[in-house]
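Participant: No letters, just coordinates:
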């Protein structure tokens with residue numbers, strides 16, 4: 001079987017390191033390059049990081065990107081020029097940046113997911129079903145916990161779940177976005193979807209969606225204990241997108257959820 005040639009960005013970050021380590025253990029992947037925004041002298045897993053550039057990406061089949069929005073868009077500009085496929089796990093994009101990603105996806109295959117976990121994507125699917133099934137007497141909210149170093153809030157996964165609620169109601173998430181709380185012990189339901197983000201310790205990730213009518217509550221949740229599962233999901237996505245045409249895909253496509 002011909003090996004899939006990978007370029008992994010954000011190589012010094014937590015997820016970058018996990019993806020590098022996981023990819024090196026799988027025979028049908030070959031890491032062509034690892035990159036960072038600035039040049040680093042120290043090797044990572046025996047590989048020397050390069051700067052994000054055409055030179056770094058030109059021999060790769062697929063670029064896997066877990067960085068920050070500004071860096072992701074710079075990488076997509078290069079990928080578009082080289083016609084490379086891209087798997088994006090970066091979160092925290094603005095509406096304008098999301099639109100830019102959609103434009104690039106008309107020319108190259110892009111798989112973008114706020115979370116690469118099988119369990120989280122199943123949770124999103126179940127959230128859509130619950131939102132669609134429960135009547136308008138039910139209000140909803142999303143709660144998430146991540147490690148203290150995570151900067152964006154709500155998390156990309158929390159926004160995915162908010163989108164699941166919106167899709168179930170056949171509405172746009174941006175029109176249903178409610179208040180965004182940070183480090184609150186409790187937070188209310190509202191006419192729109194409220195979010196609460198807690199940042200503490202070294203928590204990998206915990207997410208909870210709640211629906212309440214005031215007379216009863218329905219809660220769906222997921223907790224991750226090992227970041228390796230996100231790396232495994234990203235590599236599964238890389239395998240899947242290898243043969244795809246230009247378009248914007250998600251883990252839902254990979255997992256074949258209807």
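Facilitator: In hand now; what should we look at? Remember, it's a predicted structure, so these values are computed and weren't measured experimentally. Numbering: from 1, shown residues only.

Participant: Ramachandran coordinates for residue 29?
Facilitator: Backbone torsions for residue 29, taken as degrees, to the nearest 10, come to phi -120, psi 140.

Participant: which residues of the stretch 101-250 of the chain fall in strands?
Facilitator: Here the stretch 101-250 of the chain has its strands, by DSSP state E, counting those that start in this stretch, at 109-112, 139-146, 177-182, 193-199, 205-212, 217-224, 247-249.

Participant: when you compare where the second one runs with where strand 193-199 runs, what's the angle?
Facilitator: By that I understand strand 139-146. If you take axes from the mean of the first three to the mean of the last three Cα atoms, to 10 degrees, strand 139-146 sits at 20 degrees to strand 193-199.

Participant: can you put the strands of the stretch 101-250 of the chain in JSON lines and add mean pLDDT, mean neighbour count and distance to residue 44?
Facilitator: C-beta coordinates here come from the backbone N, C-alpha and C atoms, glycine included. Compiled in JSON lines, those are given as follows (pLDDT from 0 to 100; neighbours: other Cβ atoms under 10 Å; distance: least, Cβ to Cβ, whole Å):
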{"stretch": "strand 109-112", "mean pLDDT": "98", "mean neighbour count": "24", "distance to residue 44": "24"}
{"stretch": "strand 139-146", "mean pLDDT": "97", "mean neighbour count": "24", "distance to residue 44": "23"}
{"stretch": "strand 177-182", "mean pLDDT": "97", "mean neighbour count": "16", "distance to residue 44": "32"}
{"stretch": "strand 193-199", "mean pLDDT": "98", "mean neighbour count": "21", "distance to residue 44": "26"}
{"stretch": "strand 205-212", "mean pLDDT": "97", "mean neighbour count": "21", "distance to residue 44": "23"}
{"stretch": "strand 217-224", "mean pLDDT": "97", "mean neighbour count": "15", "distance to residue 44": "23"}
{"stretch": "strand 247-249", "mean pLDDT": "98", "mean neighbour count": "17", "distance to residue 44": "28"}
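
Participant: Reformat those into CSV and put distance to residue 60 next to each item.
Facilitator: Shown next, in CSV, are those (distance: least, Cβ to Cβ, whole Å):
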stretch, distance to residue 60
strand 109-112, 13
strand 139-146, 30
strand 177-182, 36
strand 193-199, 34
strand 205-212, 28
strand 217-224, 28
strand 247-249, 18
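
Participant: between the ones you listed, which one is nearest to residue 164?
Facilitator: Nearest to residue 164, of all these, is strand 205-212, at 7.6 Å by Cβ to Cβ.

Participant: Give me the helices and strands touching that closest one, please.
Facilitator: Counting contacts by 3 or more Cβ pairs under 8 Å, 6 or more residues apart in numbering; DSSP states H and E, strand 205-212 packs against helix 118-133, strand 139-146, helix 156-168, strand 217-224.
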